[in-house]
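Student: Sequence and predicted structure are below.
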Amino acid sequence: MKPTRAAEVEYAEGGMAGSYAVIRRTDPRIESMVHAALGPARVVLNVGAGAGSYEPRDRHVIAIEPSAAMRAQRAGRGAVPAIDARAEKLPLDDQSVDASMAMVTVHQWQDLDAGLRELKRVARGPIVVMTFDGDALDRFWLAEYAPELIAAERKRYPAIDLLVDHLSTRSRRATVATVPIPIDCTDGFTEAFYARPERFLDPAVTQSQSGWTFVDEGVKDRFVRELRSDLETGRWGARFGAWRTRPWFEGSLRLIVGGEPAER
Ligand SMILES: C[S@@+](CC[C@H](N)C(=O)[O-])C[C@H]1O[C@@H](n2cnc3c(N)ncnc32)[C@H](O)[C@@H]1O
């Protein structure tokens, strides 16, 4: 297995940043859950902001993103410029924002404890974290084709209970919600294609999913080869065809909401 690398290297290499903005687009159904969790917050911090997915456009946003390749994609999406900084050391005063959000990024932080402490330090109100539950990754048919990917991903994602403990306050226990993934999800993480297996045959799709960079190249090649063959022979359809008609998939995507309750 390849070693973990800094975000900058990960996104600059292999053209990931280039395909990311095209394949990984805000899904409006998921977005509405995120925005509801932010409550009435007017000033929102987005940490690990990437190209700006899920960032509210009707509030004042401060975006933090350490990868230049990711920051460069924001203008094309109409997102505010991002500050070059890391979760572990936020360049913000205590309690200076109404809410913090961190979308599919905590698994990449070098020091998770420090990053979560920083989110709590700067936010007066809710802290909204979207991530994947490593223990639920094997609910997806992909686990049968690429168990190495599932194993690598499971190691990367922090335990949900750990995040909940961190984000709970004296007055409120953080909550966890399963985020239902819609059949036509526009944010191309692996589970988004549960009903559209042929999408994995497009190299831009796997390029925008960072998990593949943590397994040997041969794993991805084997997966694509076997999936292509199974789709052609009807084997995939015979085994997993029912997935094509599920309107939603309750997979491993989770929304954790901690910090203080939103103030109206
Ligand atoms: C999978 S992307 C998600 C981007 C965006 N939030 C989204 O939902 O599309 C993860 C992001 O976390 C960033 N990241 C990695 N390490 C970080 C750190 N220590 N602090 C802040 N962001 C980090 C990466 O550069 C990358 O842009």
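Tutor: Nice, thanks for sending it over.

Student: Name the helix or strand for residue 127, please.
Tutor: Take DSSP states H and E as the rule and residue 127 turns out to sit in strand 126-132.

Student: Specify the next element, helix or strand, located C-terminal of that strand.
Tutor: Stepping forward along the backbone from strand 126-132, the first helix or strand reached (DSSP H and E) is helix 142-145.

Student: what comes into contact with the helix or strand following that following helix?
Tutor: Following the chain from helix 142-145 toward its C-terminal end, the next helix or strand by DSSP H and E is helix 147-156. Here helix 147-156 makes contact (C-beta atoms under 8 Å, 6 or more residues apart in numbering) with 1, 4, 107-108, 132, 134-135, 137-138, 140, 142-143, 190, 211-212, 214-216, 219, 223. (Glycine included, C-beta is placed from N, CA and C.)

Student: cutoff 6 Å now
Tutor: Applying C-beta atoms under 6 Å, 6 or more residues apart in numbering, the set of residues contacting helix 147-156 from outside is 107, 134, 137, 138, 143, 211, 214, 215, 219.

Student: what's the answer for stretch 167-178, then?
Tutor: Contact partners of stretch 167-178, identified using C-beta under 6 Å, 6+ apart, comprise 127, 160, 164, 250, 254, 255, 256, 257, 258.

Student: Go again with 8 Å.
Tutor: 33, 116, 119-120, 127, 129, 160, 163-166, 250, 253-261.

Student: So for residue 16, what pLDDT did the model give?
Tutor: Predicted confidence (pLDDT) for residue 16: 58.

Student: Tell me the residues of the stretch 101-250 of the chain that contact the ligand?
Tutor: Residues of the stretch 101-250 of the chain found near the ligand, taking C-beta under 6 Å from any ligand atom as the criterion, are 103, 104, 105, 108, 109, 110, 210.

Student: tell me, how many neighbours does the last one end up with?
Tutor: What it means is residue 210. Here the number of neighbours of residue 210 (other C-beta atoms under 10 Å) works out to 19.

Student: how close does it sit to residue 145?
Tutor: Taken as C-beta to C-beta, to the nearest Å, the spacing of residue 210 relative to residue 145 amounts to 18 Å.

Student: Tell me the buried residues within the contacts of helix 147-156.
Tutor: Among those, those classed as buried by neighbour count (16 or more other C-beta atoms under 10 Å) are 107, 134, 137, 138, 211, 214, 215, 219.

Student: which one of those residues is nearest the ligand?
Tutor: The shortest separation between the ligand and any of the buried ones among the contacts of helix 147-156 is 8.2 Å, and it belongs to residue 107 (by C-beta to the nearest ligand atom).

Student: Let's see the pLDDT reported for that closest one.
Tutor: We note a pLDDT of 95 for residue 107 in this prediction.
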